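Novice: Generate coordinates for the sequence data below:
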Amino acid sequence: MLRNKFTVILSLVMALVFGGQANAVFAKNKKQMKFKVRIENISTGEQTNASGTKYPFALSPGMYVVSEKEMPLFKVGKKATLGVEMQAEDGNPMLLIDSLTGKVGNARLGFFNTPVGAEMPAPILPGGAFEFEVDAIEGQKLTLATMFGQSNDLFYAPSKAIELFEKGQPLSGDITDKLQLWDAGTEVNEEPGTGANQAPRQKMANMGMVEKDVVKLVADSFTYPNTKSVLRVTVTPVN
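Specialist: You can find the predicted model right below:
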């Protein structure tokens with residue numbers, strides 16, 4: 001059921017990476033490196049909410065930016081853009097990517113939508129993973145976003161872009177602690193794993209009670225899994 005309910009989202013994510021993914025002219029005398037980014041659903045079994053309902057943890061297709069600029073996807077305390085709203089509510093990264101195209105300078109823009117080993121786009125369920133590779137030069141940073149699939153409008157993203165080089169050395173290892181769970185403030189939250197207007201159960205995209213709030217760290221009366229217990233993001237230099 002969870003996979004089927006993402007049909008509307010995933011049908012929009014079939015093109016190749018936008019123009020920002022084209023080869024850039026790298027600055028001289030700066031290190032260049034290809035990185036593999038792996039986003040894993042490491043949850044085991046099912047999550048249990050405060051009401052006692054069990055549900056599988058899931059992550060939606062998402063997007064990434066690699067740029068020498070900070071390139072924030074959102075501003076804390078401000079209303080979400082339509083692109084962030086679509087990513088957070090429906091797991092659809094395409095409008096967010098489109099809104100950044102042409103505005104990021106020497107950058108890479110792209111999305112991840114097909115689980116490792118799968119042939120078709122889908123969210124990742126327990127044991128699943130997304131992967132993508134991207135070229136970067138010294139001084140560039142990474143940011144990404146993916147929806148907490150069992151929610152109305154929650155998404156994981158870093159609070160600021162992640163440096164891909166530290167003191168001239170390429171970043172390598174687990175960066176999960178850089179990501180936080182955000183509330184887009186665009187749709188009223190329902191208890192995770194049960195809400196009729198959450199992606200796995202809603203009849204179509206963009207359903208649910210409108211909430212005219214701002215982007216902030218999730219803070220409501222519901223219970224959410226600890227990020228490091230369900231999600232792992234690693235960065236690995238590959239050349």
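Novice: So, low pLDDT: which residues of the protein?
Specialist: Under the criterion pLDDT under 70, the flagged ranges of the chain are 1-28, 104-106.
Novice: Helices along that one, start to end?
Specialist: Here the chain has its helices, by DSSP state H, at 7-10, 82-90, 94-100, 227-230.
Novice: Please save the CA atoms from the longest one in PDB.
Specialist: The one in question is helix 82-90. Output in PDB follows, covering the C-alpha atoms of helix 82-90 (Å, rounded to 0.1, in the frame of the first residue of the first chain):
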ATOM      1  CA  LEU A  82       5.900  25.700  -2.900                       C
ATOM      2  CA  GLY A  83       8.900  23.500  -3.700                       C
ATOM      3  CA  VAL A  84       9.500  22.700  -0.100                       C
ATOM      4  CA  GLU A  85       5.800  22.100   0.400                       C
ATOM      5  CA  MET A  86       5.700  19.500  -2.300                       C
ATOM      6  CA  GLN A  87       8.800  17.700  -1.000                       C
ATOM      7  CA  ALA A  88       7.500  17.700   2.600                       C
ATOM      8  CA  GLU A  89       3.900  16.800   1.900                       C
ATOM      9  CA  ASP A  90       4.200  14.500  -1.100                       C
END
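Novice: So for it, what gets flagged as buried?
Specialist: Neighbour-count burial for helix 82-90 flags Gly83, Val84, Glu85, Met86, Gln87, Ala88, Glu89, Asp90 (criterion: 16 or more other CB atoms under 10 Å). Using the backbone N, CA and C atoms, a C-beta is placed for each residue, glycine as well.
Novice: Can you report how many residues neighbour Pro225?
Specialist: Residues lying near Pro225 (other CB atoms under 10 Å) number 17.
Novice: quick one: contacts for the residue nearest to it when sequence neighbours are not counted?
Specialist: What sits nearest to Pro225 in space, not counting adjacent residues and going by CB to CB, 6 or more residues apart in numbering, is Gln47, at 5.3 Å. Taking CB atoms under 8 Å, 6 or more residues apart in numbering, we find Gln47 in contact with Lys54, Tyr55, Pro56, Phe57, Gln150, Pro192, Gly193, Pro225, Val230.
Novice: Recalculate using a threshold of 7 Å.
Specialist: Lys54, Tyr55, Phe57, Gly193, Pro225 (CB atoms under 7 Å, 6 or more residues apart in numbering).
Novice: Beta-bridge partners for it, please?
Specialist: Tyr55 (DSSP bridges).
Novice: so how far is Thr143 from it?
Specialist: The gap separating Gln47 from Thr143 is 26 Å, by CB to CB, to the nearest Å.
Novice: Next, the distance between the ends of stretch 197-204.
Specialist: Stretch 197-204 has an end-to-end distance of 9 Å (CA to CA, to the nearest Å).
Novice: Same check on stretch 38-54?
Specialist: Stretch 38-54 has its terminal residues 26 Å apart, counting by CA to CA.
Novice: List the buried residues in that stretch.
Specialist: So for stretch 38-54, counting by 16+ other CB under 10 Å, buried means Ile39, Glu40, Asn41, Ser43, Gln47, Asn49.
Novice: Go ahead and confirm the second one touches Gly127.
Specialist: No - distance between Glu40 and Gly127: 8.4 Å, which falls outside the contact criterion (CB atoms under 7 Å).
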